[in-house]
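Visitor: return atomic coordinates for the entry below.
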Amino acid sequence: MMLLLLELLFAPICATTAAMVVWLLHRDEELGDGELLRNFVVVLIMSGVALWGTSRTNAVRLRLDPQYRMQTQIEANAVYDALRRSRPDDARSLRELLVTEMLRGEELSAALLQARPMLTASTNDMLGFADQQSRRVWARVTVDSLKELQAMDPELCYQALAGRSLGSHVLQQVYSAENTRAFHQAVIGIYESGALGMTHERPPGEKPADFNEAALEFRAVQDAIEQHFGPVVAKEIARRTFSEVPGAPAEQICAARIFQLEAMLQRPKPVAAMLIDSVLR
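Guide: Now for the predicted structure:
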């Protein structure tokens with residue numbers, strides 16, 4: 001709106017400025033109409049060039065052009081940049097969601113909160129390419145996030161497991177600032193290490209887990225879940241996706257998922273990374 005107003009008033013502003021400058025410079029002189037006109041035109045052109053150049057500076061555009069300000073904020077965001085460099089399609093989806101939310105009047109921070117389910121799903125999809133440490137960090141952030149949801153409302157925790165949006169007002173109340181920062185850093189870590197993994201670059205000394213050992217550990221974790229929460233909840237947790245209607249109390253399913261991930265994180269790094277990938281991706 002402000003930029004459009006500036007464009008509409010561009011000529012009147014320049015003309016008024018030129019007239020005032022010519023009057024100040026020559027108010028005590030007697031000049032002919034032709035000379036006054038020439039001076040006015042010169043100053044008018046200079047005013048136009050100066051105003052146009054000023055209006056194109058980054059500082060002014062950020063202040064006057066909401067679209068440019070929104071674009072600049074998104075492109076400067078580290079999460080968006082990590083997606084853009086690793087998976088342009090994911091970055092495009094994130095950008096569309098952020099633009100939609102910001103056009104509704106949300107700040108970028110609130111828009112990123114609203115994008116959290118989408119980022120969770122896309123980051124889980126990248127797990128298979130990421131290094132072992134990044135997967136463990138992601139699992140830890142996932143556990144901490146579920147605990148914050150569980151503490152507020154187990155139903156919200158289950159909705160997050162099912163990949164449903166919780167609404168920006170709820171998200172702003174649930175997740176702590178520390179958790180949000182950790183979540184964003186974990187997303188960046190998965191995408192950056194995943195980009196390297198796609199080219200078969202792995203951290204020095206990283207050894208893959210033995211599949212049979214990982215299978216035995218998975219069975220051990222599953223047995224522990226069944227002992228703590230019962231066979232119905234264990235069956236729900238064994239599924240890769242969660243239905244809209246929980247097959248057991250939401251609080252138990254959420255607690256079992258937290259238990260599962262924490263048990264997996266206690267395993268040796270290679271095994272933990274493989275198990276985390278198997279249940280989250």
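
Visitor: for the rest of this, base every contact and every neighbour count on C-alpha atoms.
Guide: Fine.

Visitor: for the residue found closest to D131 once you drop the neighbours it is linked to in the chain, report the pLDDT, please.
Guide: Excluding its sequence neighbours, the residue lying closest to D131 (Cα to Cα, 6 or more residues apart in numbering) is S193, at 5.9 Å. Per-residue pLDDT puts S193 at 94.

Visitor: identify the residues contacting the helix or strand encompassing S193?
Guide: Assigned by DSSP states H and E, S193 belongs to helix 177-198. Helix 177-198 is contacted by residues 78-79, 82-83, 86, 119-120, 123, 126-131, 134-135, 137-138, 141-142, 144-145, 202 when judged by Cα atoms under 8 Å, 6 or more residues apart in numbering.

Visitor: now do stretch 108-121
Guide: 73-74, 94, 97-98, 101-102, 160, 163-168, 171-172, 187.

Visitor: what about the closest residue to G163 other than its chain neighbours, how many residues nearby?
Guide: Spatially, and ignoring its direct neighbours in sequence, G163 is nearest to P117 (5.8 Å; Cα to Cα, 6+ apart). Residues near P117, counting by other Cα atoms under 10 Å, number 19.

Visitor: for P117, grab phi and psi.
Guide: phi -60, psi -40 (degrees, to the nearest 10).

Visitor: ok, now E107?
Guide: phi -70, psi 160.

Visitor: P208 now?
Guide: Torsion angles, degrees, to the nearest 10, at P208: phi -70, psi 150.

Visitor: quick one: contacts for it?
Guide: P208 touches P270, counting by Cα under 8 Å, 6+ apart.

Visitor: mind checking the SS state of P203?
Guide: coil (DSSP: H, G, I helix; E, B strand; the rest coil).

Visitor: so what's it up against?
Guide: So P203 contacts D131 (Cα under 8 Å, 6+ apart).

Visitor: for it, give its distance to A130.
Guide: 10 Å (Cα to Cα, to the nearest Å).

Visitor: and what of I190?
Guide: In terms of Cα to Cα, I190 sits 6 Å off from A130.

Visitor: G230 now?
Guide: G230 is 33 Å from A130, by Cα to Cα.

Visitor: who's more crowded, I190 and A130?
Guide: Higher neighbour count among I190 and A130: I190, with 30 against 25, using other Cα under 10 Å.

Visitor: run a quick neighbour tally on V245.
Guide: What V245 shows, counting by other Cα under 10 Å, is a neighbour count of 11.

Visitor: let's verify it: helix, strand, or coil?
Guide: Secondary structure state of V245, per three-state DSSP, is coil.

Visitor: circling back to that earlier point, so for the residue nearest to G163, what's the pLDDT?
Guide: 89.

Visitor: in helices only, show me the contacts of helix 177-198.
Guide: 78-79, 82-83, 86, 119-120, 123, 126, 134-135, 137-138, 141-142, 144-145 (DSSP state H).

Visitor: next one: the closest residue to E262 other than its chain neighbours from L161, what distance?
Guide: Nearest residue to E262, sequence neighbours excluded (Cα to Cα, 6+ apart): V143, at 7.3 Å. To L161, V143 is 11 Å away according to Cα to Cα.
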